[in-house]
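J.: fold the following, please.
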Amino acid sequence: MKPSSLTARIRQIWILSSWLRQEAAAAAAMLVVRRHQVQLKDEESERRATAEEAECNHSLGVDSQGRLRAVRMLDDYIVPFECAL
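T.: Sure thing, here's the model as predicted:
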């Protein structure tokens, strides 16, 4: 039994659509990896900036998310550097 032109065309479309799904999945994975790399780069630059601020006679503290922050000691209170007077 020879396949008709309609079934041959449907098969081509099915193969093309599966290829496009694979390409879309690969592109999505690349976007996730790139977003993760950018996030790591931003965190590293934030750490460097915080370390540079700390070298300017400020103390370091850790916020609720585990990031280093420049703080000022005011008697009994620890105030984030951004809120300093």
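
J.: got the buried residues for stretch 40-50?
T.: Neighbour-count burial for stretch 40-50 flags Thr50 (criterion: 16 or more other Cβ atoms under 10 Å). The C-beta positions use only the backbone N, C-alpha and C, and glycine is treated the same way.

J.: quick one: residues in contact with it.
T.: Here stretch 40-50 makes contact (Cβ atoms under 8 Å, 6 or more residues apart in numbering) with 60, 67-70.

J.: okay if I get these as CSV plus secondary structure, pLDDT and distance to Thr50?
T.: What follows is the contacts of stretch 40-50, written out as CSV (DSSP: H, G, I helix; E, B strand; the rest coil; pLDDT from 0 to 100; distance: Cβ to Cβ, whole Å):
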residue, secondary structure, pLDDT, distance to Thr50
Leu60, strand, 72, 7
Arg67, coil, 79, 8
Leu68, strand, 77, 5
Arg69, strand, 75, 7
Ala70, strand, 71, 6
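
J.: which entries within those meet the buried criterion?
T.: The buried subset of the contacts of stretch 40-50 - by 16+ other Cβ under 10 Å - is 68-70.

J.: from Val38, how far out is Ser5?
T.: Using Cβ to Cβ, to the nearest Å, we find Ser5 at a distance of 49 Å from Val38.

J.: go on, Ala8?
T.: Ala8 sits 45 Å away from Val38, going by Cβ to Cβ.

J.: Ala51 and Leu68 touch, don't they?
T.: Yes: using Cβ atoms under 8 Å, Ala51 is in contact with Leu68, at 7.4 Å.

J.: from what I see, Ser59 and Ala70 are in contact.
T.: Yes: if you go by Cβ under 8 Å, Ser59 and Ala70 touch, sitting 7.4 Å apart.

J.: Glu23 sits in which helix or strand?
T.: helix 5-54 (DSSP states H and E).

J.: what mean pLDDT does that helix get?
T.: On average, the pLDDT along helix 5-54 is 89.

J.: so how far is that helix off the chain centroid?
T.: Distance of helix 5-54 from the chain centroid (Cα atoms, centre = their mean, to the nearest Å) equals 12 Å.

J.: what's the answer for stretch 60-76, then?
T.: Using Cα atoms, centre = their mean, the offset of stretch 60-76 from its chain centre is 24 Å.

J.: alright, I will stop here.
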